[in-house]
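1. Okay, here's the prediction I keep looking at, along with the sequence it came from:
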Amino acid sequence: MNLSVFGVCGLLLAAVVSLTSCSEADNDDGYLTLTAGEATLSACPTAAPVMVEALNTKHLPTCDPIGQTLVFPDGEQIQLPEQQGGGGASRSGSDYQYAYQSVGNWGLVAARAKADCSSIQEWGNAEALRRVHDAFGSRWACH
């Protein structure tokens, strides 16, 4: 084999590893793993706020909104990172915690949870939400 084959294999492995996220959870493995083929979206060409309600769709996204602002119905905003993959959380001055998770070609999921986790509201493609629940549990936004 030549060095370019090793380089391509290394890039594919790096893509899979970079899209693996960890979280503390109760009854799950705590890892969201995507294959390189499930993480092929390129960045969206225009920077526009992403309303979480728009994540509720049966259609798969055509681009990844990296670096854009995620906007919740109550006006809370989270700035998405400039790199692909992963997730994050934010706690506002209110009684809510906000979270998001990238699920590669399945899109982005977002959630708003009461601080005591008595209520969780989620947005995202059904398959993306299933994968997040399988990896982190149904209370993923509370961690």
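-> Received it, and whenever you're ready, just let me know what you need.

2. Now Leu55: closest residue in space, sequence neighbours ignored.
-> Trp123 (4.2 Å; CB to CB, 6 or more residues apart in numbering). Every C-beta, even on glycine, is put in place using the N, C-alpha and C of the backbone.

3. Trp106 now?
-> That would be Ala128: by CB to CB, 6+ apart, it lies 3.8 Å from Trp106.

4. packing partners for the host helix or strand of that neighbour?
-> Here Ala128, judged by DSSP states H and E, is contained in helix 126-136. Counting contacts by 3 or more CB pairs under 8 Å, 6 or more residues apart in numbering; DSSP states H and E, helix 126-136 is packed against strand 31-32, strand 108-114.

5. so where do the strands sit in this structure?
-> Remark: strands assigned in the chain by DSSP state E are 21-22, 31-32, 50-51, 69-71, 77-79, 87-91, 96-102, 108-114, 120-123.

6. buried set for the fourth one?
-> By neighbour count, and taking 16 or more other CB atoms under 10 Å as the criterion, the buried residues in strand 69-71 are Leu70, Val71.
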